[in-house]
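Engineer: Sharing a model prediction with you, sequence too.
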Amino acid sequence: MDFPKHEQRGETTSPFLEERGISPILFTFGGLFLILVLYQVVGGAITFIIIGNPVTANVNGLRLMTMITQLTFMLLPALLLTKVLTNRMGTFYGWRIPSLFEVAITLLALFALMQLGQIYITLQSLIPLPEPLKGLMDQFQRMVEQAYRMIVAVESPLELLWVVLIVAFTPAIVEEVTFRGFAYGGLLQRFNPRTTVILTGIVFALFHGNPFALVPLSALGIFFGFLRLRSMSIILPMTAHFANNVAAILAYYFGFSESLAGSVVPEDIEPGLLLQTGLLWLSVLIMALYVYVRITDSLHHSPDDLGGKNEMNG
């Protein structure tokens with residue numbers, strides 16, 4: 001997949017960093033580490049103090065604290081760090097509204113990527129491992145899914161809307177501002193778009209703390225970065241992120257998938273047929289990405305669009 005070659009790195013570093021000789025890359029990675037500590041350590045400690053053990057806590061209290069800590073210890077620091085990093089926050093984020101056709105093609109690509117992710121996880125589970133390691137992996141995976149199910153399990157449509165707000169809408173905004181806003185814009189100061197997209201995707205996956213889903217999460221993060229690059233806006237990756245989260249919630253709510261991945265791939269499918277299914281979804285993904293590149297070519301031939309040549313380099 002080709003990346004735009006006409007764009008240049010953004011000269012948007014703020015005087016604050018330039019005067020002190022601070023590297024934007026060092027500042028960006030340091031900022032991400034600070035956000036990680038604030039959210040996981042400080043936010044986790046405050047949540048524990050207020051509601052107690054998450055396993056036995058009131059689920060609505062846990063949901064509310066999850067949203068509050070995301071807004072307080074991820075979104076707010078990311079915005080403040082971005083303000084220090086650049087004097088052109090509008091260029092950093094980009095607010096172009098995508099067309100309905102762009103959104104439709106994006107959702108098709110996202111759905112194909114979700115199926116590929118589930119296929120990868122299924123194939124990964126077939127790899128023979130030493131019994132102690134396999135037991136440890138299974139236990140960790142059960143803990144992750146148990147915690148997630150506790151948050152997304154609902155008993156009414158009204159509660160479902162509340163869960164969508166907490167688990168789908170809020171993370172889509174917060175995480176995209178953090179990774180496709182602050183981190184993407186910061187790394188783009190020194191790296192080309194391809195490297196920036198890949199790095200932010202990997203950091204996005206590592207931030208989730210699930211080593212067994214590292215590859216699918218990295219692919220998802222890279223996909224969001226690709227959307228940020230091609231659409232020249234953070235709106236489309238936010239939309240795709242929200243759709244991905246909603247799909248997982250609805251799949252669990254309607255009993256379509258116990259894996260919380262929104263997959264339509266049967267779990268007991270034969271490995272050979274699984275690979276064939278994977279090739280089919282890969283073809284759909286490549287086709288959708290190709291179409292999206294073609295329909296966004298005009299954006300990358302106009303240097304004045306959302307920073308144009310001043311924003312990126314390929």
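Structural biologist: Okay, I see it.
Engineer: Just give the nearest non-adjacent residue to residue 25, would you?
Structural biologist: Excluding its sequence neighbours, the residue lying closest to residue 25 (C-beta to C-beta, 6 or more residues apart in numbering) is residue 190, at 5.1 Å. Bear in mind the C-beta positions are built from the backbone N, C-alpha and C, glycine included.
Engineer: Report how many residues lie close to that neighbour.
Structural biologist: Per other C-beta atoms under 10 Å, the neighbour tally for residue 190 reads 15.
Engineer: Same question for residue 300.
Structural biologist: 21.
Engineer: Do a quick rundown of the helices in the stretch 151-300 of the chain.
Structural biologist: With DSSP state H, counting those that start in this stretch, the ranges of helices along the stretch 151-300 of the chain come out as 157-163, 170-176, 184-187, 193-207, 214-231, 235-253, 271-295.
Engineer: Could you identify which of those helices is most buried?
Structural biologist: Mean neighbour count (mean count of other C-beta atoms under 10 Å) peaks for helix 184-187 among the helices of the stretch 151-300 of the chain, with a mean of 28.
Engineer: if you average pLDDT over that one, what comes out?
Structural biologist: On average, the pLDDT along helix 184-187 is 93.
Engineer: what does it rub up against?
Structural biologist: By C-beta atoms under 8 Å, 6 or more residues apart in numbering, the surrounding residues in contact with helix 184-187 are 10, 12, 24-25, 27-28, 31, 82, 85-86, 91-93, 195-197, 199-200, 225, 228.
Engineer: and with 7 Å instead?
Structural biologist: Residues outside helix 184-187 that contact it (C-beta atoms under 7 Å, 6 or more residues apart in numbering): 24-25, 27-28, 82, 85-86, 92, 196, 199-200, 225, 228.
Engineer: Rank those by pLDDT and give me only the lowest.
Structural biologist: residue 92 (77).
Engineer: and the helix or strand containing that one, what does it pack onto?
Structural biologist: Residue 92 is located in helix 89-93, with elements delineated by DSSP states H and E. Where contact means 3 or more C-beta pairs under 7 Å, 6 or more residues apart in numbering; DSSP states H and E, helix 89-93 is packed against helix 76-85.
Engineer: that older thread, out of the helices of the stretch 151-300 of the chain, which comes closest to residue 121?
Structural biologist: Nearest to residue 121, of all these, is helix 214-231, at 6.4 Å by C-beta to C-beta.
Engineer: Send me the closest one as CSV with only the CA atoms.
Structural biologist: Once non-C-alpha atoms are left out, helix 214-231 reads as follows in CSV (Å, rounded to 0.1, in the frame of the first residue of the first chain):
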residue,chain,number,x,y,z
LEU,A,214,-0.5,-8.1,20.4
VAL,A,215,-0.5,-8.9,16.7
PRO,A,216,-4.2,-8.3,16.1
LEU,A,217,-4.2,-5.1,18.2
SER,A,218,-1.1,-3.9,16.4
ALA,A,219,-2.8,-4.5,13.0
LEU,A,220,-5.8,-2.6,14.3
GLY,A,221,-3.7,0.3,15.5
ILE,A,222,-1.8,0.4,12.2
PHE,A,223,-5.2,0.4,10.4
PHE,A,224,-6.4,3.4,12.5
GLY,A,225,-3.1,5.2,11.7
PHE,A,226,-3.5,4.5,8.0
LEU,A,227,-7.0,6.1,8.2
ARG,A,228,-5.5,9.1,10.0
LEU,A,229,-2.9,9.5,7.3
ARG,A,230,-5.1,9.0,4.3
SER,A,231,-8.1,11.0,5.5
